[in-house]
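S.K.: I'd like to go over a predicted model; first the sequence, then the structure.
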Amino acid sequence: GQQLNQSPQSMFIQEGEDVSMNCTSSSIFNTWLWYKQDPGEGPVLLIALYKAGELTSNGRLTAQFGITRKDSFLNISASIPSDVGIYFCAGYTNAGGTSYGKLTFGQGTILTVHP
Amino acid sequence: EPEVTQTPSHQVTQMGQEVILRCVPISNHLYFYWYRQILGQKVEFLVSFYNNEISEKSEIFDDQFSVERPDGSNFTLKIRSTKLEDSAMYFCASSRRIAGTDLEQYFGPGTRLTVT
């Protein structure tokens, strides 16, 4: 089945630093979504990307949809303590009209921000 | 802001018992989903549902699982005979569309299922 490889697995940074994480796949995705999950809660949508090459921002977050449609990255600028959590990429493909909303998730990047 | 809600937040059940997990999707959304997350692992797709029918299901979604939209607002996941390995967080999600744009999936807070 489709797999997303997310890296790094974890990051420990100082408050104020910028962060970058990425997702790669051996197969093409038509849509990339980035989510943040706090412990014991559901994933919260951060950014949605629909076109290859698209660069989208949401406050201090910026994400890009790779040209090959097989990768995406998420940047967080000037990190703050509340950025702590697990960040997941998720991809969706409507291959030949046979997929109906199935999101494939990466393994997650655990972000720790030291004040 | 509209959100997906789920009940209960935590369910403890004995192996072999049936459980029903409940969800209220966002009101103008048409597509509904169940995912699960075993502790410390990634989120896995179980099933998608549209127009009172299952649209797609994963290999995890075997005969012990079923979904239903019993009325205009609720969406349920039933596990008929729970096993220890069914212990996980179960997330409901909904989206307005599944093609083009505007297909963002919004997740509920989850139900933690513990099978003893």
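M.R.: Good, I have the coordinates.

S.K.: In chain B, which residue sits closest to chain A?
M.R.: B:Ser55 (3.5 Å; CB to the nearest CB). Bear in mind the C-beta positions are built from the backbone N, C-alpha and C, glycine included.

S.K.: Make sure that residue is indeed in a strand.
M.R.: Yes. Under DSSP: H, G, I helix; E, B strand; the rest coil, B:Ser55 sits within a strand.

S.K.: how many other residues sit next to it?
M.R.: Residues lying near B:Ser55 (other CB atoms under 10 Å in any protein chain shown) number 17.

S.K.: Quick check, it in contact with A:Gly101.
M.R.: Yes. With contacts counted by CB atoms under 8 Å, B:Ser55 reaches A:Gly101, the gap being 6.8 Å.

S.K.: burial count for the nearest residue to B:Cys23 once chain neighbours are set aside?
M.R.: The shortest distance from B:Cys23 to any non-neighbouring residue, by CB to CB, 6 or more residues apart in numbering or on different chains, is to B:Cys92 (3.3 Å). Neighbourhood size, B:Cys92 [other CB under 10 Å]: 28.

S.K.: Point out the residues in chain B that sit beside chain A.
M.R.: Counting by CB under 8 Å from any CB of the partner chain, chain B comes close to chain A at B:4, B:31, B:33, B:35, B:41-45, B:48, B:50, B:55-56, B:58, B:91, B:95, B:98-99, B:101, B:103-110, B:112.

S.K.: go with 6 Å
M.R.: With CB under 6 Å from any CB of the partner chain as the criterion, chain B meets chain A at residues B:31, B:33, B:42-43, B:45, B:48, B:55-56, B:91, B:98, B:101, B:104, B:107-110.

S.K.: Packing partners of the helix or strand bottoming out on mean pLDDT in chain B?
M.R.: Scoring the helices and strands of chain B by mean pLDDT, DSSP states H and E places strand B:53-57 at the bottom, with a mean of 91. With contacts taken as 3 or more CB pairs under 6 Å, 6 or more residues apart in numbering or on different chains; DSSP states H and E, strand B:53-57 sits against strand B:44-50.

S.K.: where does the residue most central in space within chain B fall, helix, sheet strand or coil?
M.R.: Taking CA atoms, centre = their mean, the centroid of chain B lies closest to B:Trp34, which sits 2.8 Å from it. Judged by three-state DSSP, the three-state class of B:Trp34 is strand.
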